[in-house]
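Colleague: no sequence on this one, just coordinates:
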């Protein structure tokens, strides 16, 4: 570490004497995507990446997307996103949020409201450093300063071209980027591991409770080994099982309604629909904070093993809130499901995920617009034999424990990264270039 750094004052704060401040347009370029029209979209084909798929934490979600006819790929080859492209939301609630694909297995097109950033000369500006700088408060604060002058939440190419970039030497840029990228990679590995664990859990759930191939007394698959099936309201189910309704084993409660500028005596973490839509499992550290009068909010406090269900926007999506739940509440666009006996909460959590597609049968019209308590109370599901549920709980709780551990580690790593980023970008911490090796 360098200990005797001399600093100078600049338009965006103190930086080392041997660093530069340059205009964005001098070293980098912003390219817009294609301005697709509604009639361009089809039911399937090439995926189109849009701003709503950049989460607040910079992660990318392409589970819900628009499509363009696959035969038109050559027409849009200029806006095909490449591995490690630097993408930014240029409008909307996630304006200024940065994301990038570490791996791309299929063509994905860039929407016009997503910016793609490139160094003009990578011998002068490292692409990895540019990504980290655009993620920093130094750049985001410049966006916020321009937002105060406009009623619309958007940022244009001309405004970005006039923003400023802190520029160390290329070797130091690469050293800074490596430290931060190593943290990013560890976070991403944990995230991918959790996706794999989730897929394993869902595969076991389907095998046991949809295909009815749970292990019988001899450890063999029940149905294919001649296990007896009986008729029920849901079709054939294993003998000894029954059909129940969600309202019989738990209670539902809508979330709290509040004003955007609401003030109160207590700070709460609040789970919103976007949190439910983007995360099967939630930690309070990733939730927004709001101050509300405690007397108003206390009946919306969450308990361990509560399940949250989105009412609208992403109706039927479900999440489980884990960890420290002190002062954690949920918004009015969601419903809390609290089991009378939470012993089998993981099974019910997976059941609610499975029932999401069935909810459209209970809605008005062909498209599900919202979910309500009455619909949920009357939804039927299979209640397995206790012995089967006990075996299932043991397996799934092990998966949940591993997943939760990865989430806690990622929360800690993110805090370290967020603490290091401004110090590295301002030169308060100097890193020797040998760190690149």
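Modeller: Here it is on my side, so go on. Note that the structure is predicted; figures quoted are calculated from it, not measured.
Colleague: who's in contact with residue 421?
Modeller: Residue 421 makes contact with 132, 135-137, 180 under the criterion CB atoms under 8 Å, 6 or more residues apart in numbering. Every C-beta, even on glycine, is put in place using the N, C-alpha and C of the backbone.
Colleague: quick one: which of these is nearest residue 71?
Modeller: residue 135 (36.7 Å; CB to CB).
Colleague: one step back: any of the contacts of residue 421 buried? List them.
Modeller: 132, 135-136, 180 (16 or more other CB atoms under 10 Å).
Colleague: now, these that are in helices?
Modeller: Secondary structure from DSSP state H places 132, 180 of those in helices.
Colleague: identify the farthest-apart pair in the buried ones among the contacts of residue 421.
Modeller: 136 and 180 (9.6 Å).
Colleague: for residue 66, which non-adjacent residue is spatially closest?
Modeller: Leaving out its chain neighbours, the residue that sits closest to residue 66 by CB to CB, 6 or more residues apart in numbering is residue 48, at 4.3 Å.
Colleague: list the buried ones in whichever strand or helix holds the one you found?
Modeller: Using DSSP states H and E, residue 48 maps to strand 46-49. Using 16+ other CB under 10 Å as the test for burial, strand 46-49 gives 46-49.
Colleague: CSV for those, including pLDDT and distance to residue 322?
Modeller: Compiled in CSV, these are given as follows (pLDDT from 0 to 100; distance: CB to CB, whole Å):
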residue, pLDDT, distance to residue 322
46, 90, 36
47, 88, 31
48, 87, 33
49, 81, 30
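Colleague: pick out whichever of those sits closest to residue 14.
Modeller: Of those, the one sitting nearest to residue 14 (CB to CB) turns out to be residue 49, at 37.2 Å.
Colleague: list the residues that contact residue 428.
Modeller: residue 422.
Colleague: actually residue 8, not the one I typed
Modeller: When contacts are taken as CB under 8 Å, 6+ apart, residue 8 is in contact with 14-17.
Colleague: quick check: bridge partners of it?
Modeller: residue 15 (DSSP bridges).
Colleague: start at 31 instead
Modeller: Done: numbering now begins at 31, and the last item shifts to residue 38.
Colleague: model confidence for it, exactly?
Modeller: What the model reports for residue 38 is a pLDDT of 92.
Colleague: how close does it get to residue 220?
Modeller: Here residue 38 is placed at a distance of 39 Å from residue 220 (CB to CB, to the nearest Å).
Colleague: repeat for residue 45
Modeller: Taking CB to CB, one finds residue 45 at 33 Å from residue 220.
Colleague: quick one, which of those two is more surrounded?
Modeller: A side-by-side neighbour count of residue 45 and residue 220, using other CB atoms under 10 Å, places residue 45 first with 22 against 18.
Colleague: what's around residue 234, how many residues?
Modeller: 16.
Colleague: equivalent analysis for residue 264, please.
Modeller: 11.
Colleague: give me the element it is part of.
Modeller: Per DSSP H and E, there is no helix or strand for residue 264.
Colleague: check residue 365 too.
Modeller: Element membership for residue 365, per DSSP H and E: strand 364-369.
Colleague: now do the buried residues in that strand.
Modeller: 364-367, 369.
Colleague: please apply the same query to stretch 352-365.
Modeller: 352-353, 355, 357-361, 363-365.
Colleague: residue contacts, residue 306?
Modeller: Contacts of residue 306 (CB under 8 Å, 6+ apart): 312, 338-340, 344, 347-349, 364.
Colleague: let's see if you can find the most crowded of these.
Modeller: Most crowded among the contacts of residue 306, counting by other CB under 10 Å, is residue 364 at 28 neighbours.
Colleague: would you agree that one is in contact with residue 343?
Modeller: No - the pair residue 364 / residue 343 is not scored as a contact, 9.7 Å apart, by CB atoms under 8 Å.
Colleague: brilliant, that's me finished.
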